[in-house]
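Enquirer: Structure of the sequence below:
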Amino acid sequence: MPSSIFYKMSAVVMLWSNRQNRNLLTMQGFVLSRHSQDTKQGINLTYWLVTNDGPVCLRQTQQECVCFLPLSQHTHAQKLMQSMGLSQAIWRFEPIALKTFQQEQAVALYMTNHKLFQQACSVLREAGISLMEQDIQPQERYLMERFISASLMADAKLLNGELTDVRVKSSDFVPYIKAISLDIETTMDGKTIHSIAVYGKQGDTPVERVWLHWPKGMDNDVVASVPDYTYMCSNERQLLKQFSQWLQEYDPDAIIGWAVVQFDFQILCARARELGVRLRLGRGGEEIRWREGQGNRPAKLYMPGRVALDGIEVMRSATWQFESFSLENVAQQLLGRGKDITKSQDRGEEIQRMYRQDPDSLVRYNLEDCRLVWDIFIKADLMAFLIERARLTGLPMDRVGGSSQAFDHLYLPRLHRQGYVAPAFASGQAGESPGGFVMGS
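Expert: Got it, this is the predicted structure:
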């Protein structure tokens, strides 16, 4: 072939390739939230990312969950699985090129439904099958096996802010997290919300807003002097709906507070449920759900696309130590100022008095609590700590504790590359963590 024809053909191929890839841009993002959902076609994984161009929803469809067992137990496990009456379309055993620590060949059990996978694993364990790595969530395994801790990149074209079934790999992207500080005030029994306050900054401009629940029939003269950032609501339904609408429009990545998951979001979800309000605070219009903690497990908030960060737990994770983690004490220690009501034993009654007689002071008090939390996060550089922790260990920003999860994230994929599966409880024994003996120095 004459060289001139070769070069012309190469130019045509390059032109075609450029046209094909013109709309494919390298997108870098930081994983903010991760969830899995069972479908008829398999497990769908959903990751919300922070990018320089706004939030992106990454979906990986038709995924599977997996665990491992010794080859010597394969026949027994196969019979047990068949006895469960599950459709064979959703599960299968496969030989793999991995061994146990006892140098025995391992077998993988794959399933396309995570809920049924958990039920099956429970039956297998009770029958004496030695399962390994069955506790790894599918949304976590997908990232760790690709050595993605928090930051990732993909060469793909966004469609309405979404990416579906694209190849991703690790990156060094460091995000900017758009945050807002939240605090609520309630009756003593928590069955009525008096006010909801938020505080943040856009550049150097403060973001200040308080929604005040002021039913019809209450004295309007006493609310004549409330600050301009106050929004009056005649009932709690209106209060919750206005707050929800504003939050969706402001669209923060993180909501920070003091006991914000254990108290504020618990009350918000309980009142929304009682009043029949769907609290759509997640991205994509997702309704949030609050789940009570059990044992050593803290309360959990389901809020796709955003993270709720409790200042108390974040400071403990960052190894800050105080005699008391009350907002008053931490603020005094770090900022040199504290809450407007300094005596904790009087605080509840004083809040009720302010609501009835001096709502202007209540609004300012509510907002100041938000401002204190915001300033503590800035002073202690807590957001940078959480970002770097996620990038190094794979722990989600809102994860409380999680040393064993971080160990698994870093250890398991490297162990697999060495030809092994992890033994049961690779990152520690089941049950309560044992104590230790402190040696003198």
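Enquirer: Scan this protein for its longest strand.
Expert: Secondary structure of the chain per DSSP state E: the longest strand is strand 25-39.
Enquirer: Starting from it, tell me which strands it pairs with and how they run.
Expert: Its sheet considered, strand 25-39 pairs with strand 42-51 (antiparallel), strand 151-156 (antiparallel) by DSSP bridges.
Enquirer: Output it as PDB - backbone C-alpha positions only.
Expert: Taking C-alpha atoms only, strand 25-39 is exported to PDB below (Å, rounded to 0.1, in the frame of the first residue of the first chain):
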ATOM      1  CA  LEU A  25     -15.200  14.100  28.800                       C
ATOM      2  CA  THR A  26     -13.100  12.900  31.700                       C
ATOM      3  CA  MET A  27     -15.300  13.400  34.700                       C
ATOM      4  CA  GLN A  28     -13.700  13.300  38.200                       C
ATOM      5  CA  GLY A  29     -15.900  13.000  41.300                       C
ATOM      6  CA  PHE A  30     -15.900  12.200  45.000                       C
ATOM      7  CA  VAL A  31     -18.300   9.600  46.300                       C
ATOM      8  CA  LEU A  32     -20.700  11.200  48.700                       C
ATOM      9  CA  SER A  33     -23.300   8.500  49.300                       C
ATOM     10  CA  ARG A  34     -23.600   4.900  48.100                       C
ATOM     11  CA  HIS A  35     -26.600   2.500  48.200                       C
ATOM     12  CA  SER A  36     -27.800  -0.700  46.600                       C
ATOM     13  CA  GLN A  37     -31.200  -1.800  45.500                       C
ATOM     14  CA  ASP A  38     -32.600  -5.200  44.500                       C
ATOM     15  CA  THR A  39     -34.300  -5.400  41.100                       C
END
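Enquirer: Please compute how far that strand lies from its chain's middle.
Expert: Remark: strand 25-39 is offset 11 Å from the chain centroid, using C-alpha atoms, centre = their mean, to the nearest Å.
Enquirer: next one: stretch 238-248
Expert: Put simply, stretch 238-248 sits 21 Å off its chain's centre (C-alpha atoms, centre = their mean).
Enquirer: Check stretch 151-168 too.
Expert: With C-alpha atoms, centre = their mean as the basis, stretch 151-168 stands 20 Å off its chain's centre.
Enquirer: What mean pLDDT does it get?
Expert: Across stretch 151-168, pLDDT averages out at 91.
Enquirer: Kindly report the same for stretch 105-119.
Expert: Per-residue scores along stretch 105-119 average to 97.
Enquirer: Name the nearest residue to Thr186, ignoring sequence neighbours.
Expert: Nearest non-adjacent residue to Thr186, counting by C-beta to C-beta, 6 or more residues apart in numbering: Ile193, 5.3 Å away. Just so you know, the C-beta spots here come from the backbone N, C-alpha and C atoms, and that holds for glycine as well.
Enquirer: what do you get for Cys269?
Expert: In space, and not counting its chain neighbours, Cys269 is closest to Trp290: 4.0 Å by C-beta to C-beta, 6+ apart.
Enquirer: Relative to Arg391, how far out is that neighbour?
Expert: 28 Å (C-beta to C-beta, to the nearest Å).
Enquirer: in stretch 128-136, what's buried?
Expert: Residues Ile129, Ser130, Leu131, Met132, Glu133, Gln134, Asp135, Ile136 are the ones in stretch 128-136 that count as buried (16 or more other C-beta atoms under 10 Å).
Enquirer: Next, the fifth one: phi, psi?
Expert: The main-chain torsion angles of Glu133 are listed as degrees, to the nearest 10 and equal phi 60, psi 20.
Enquirer: Use 16 as the first number from now on
Expert: Got it, first residue is 16 now, which makes that one Glu148.
Enquirer: burial count for the residue nearest to Thr201?
Expert: Residues within reach of Ile208, counting by other C-beta atoms under 10 Å, total 25.
Enquirer: mind listing what it touches?
Expert: Ile199, Glu200, Thr201, His228, Glu251, Leu254, Leu255, Ile282, Leu283, Arg286 (C-beta atoms under 8 Å, 6 or more residues apart in numbering).
Enquirer: What helix or strand is the second one located in?
Expert: Translated: Glu200. Element membership for Glu200 (DSSP states H and E) is strand 194-201.
Enquirer: Each with direction, which strands does that strand pair with?
Expert: Taking DSSP bridges as the criterion, strand 194-201 forms sheet pairs with strand 208-217 (antiparallel), strand 269-272 (parallel).
Enquirer: Single out the most deeply packed of these.
Expert: strand 269-272 (a mean of 25; mean count of other C-beta atoms under 10 Å).
Enquirer: packing partners for whichever helix or strand comes after that strand?
Expert: Counting by DSSP H and E, the next helix or strand C-terminal to strand 269-272 is helix 281-290. Applying 3 or more C-beta pairs under 8 Å, 6 or more residues apart in numbering; DSSP states H and E, one finds that helix 281-290 contacts strand 194-201, strand 208-217, helix 251-265, strand 304-306.
Enquirer: Show me what counts as buried in the longest one.
Expert: In other words, helix 251-265. Buried residues in helix 251-265 (16+ other C-beta under 10 Å): Glu251, Leu254, Leu255, Lys256, Gln257, Phe258, Ser259, Leu262.
Enquirer: CA-only coordinates of the lengthiest helix in the chain in CSV, if you can.
Expert: Longest helix in the chain by number of residues (criterion: DSSP state H): helix 374-394. Extracted C-alpha coordinates of helix 374-394, given in CSV (Å, rounded to 0.1, in the frame of the first residue of the first chain):
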residue,chain,number,x,y,z
PRO,A,374,-39.7,34.7,69.7
ASP,A,375,-37.2,37.2,68.5
SER,A,376,-34.7,35.8,71.1
LEU,A,377,-35.6,32.2,70.2
VAL,A,378,-34.9,32.8,66.5
ARG,A,379,-31.5,34.4,67.3
TYR,A,380,-30.7,31.6,69.7
ASN,A,381,-31.6,28.9,67.2
LEU,A,382,-29.5,30.6,64.5
GLU,A,383,-26.5,31.1,66.8
ASP,A,384,-26.4,27.3,67.6
CYS,A,385,-26.1,26.7,63.8
ARG,A,386,-23.4,29.4,63.6
LEU,A,387,-21.4,27.8,66.5
VAL,A,388,-21.4,24.4,64.8
TRP,A,389,-20.3,26.0,61.5
ASP,A,390,-17.5,27.9,63.1
ILE,A,391,-16.3,24.8,65.0
PHE,A,392,-16.1,22.8,61.7
ILE,A,393,-14.1,25.7,60.2
LYS,A,394,-11.8,26.2,63.2
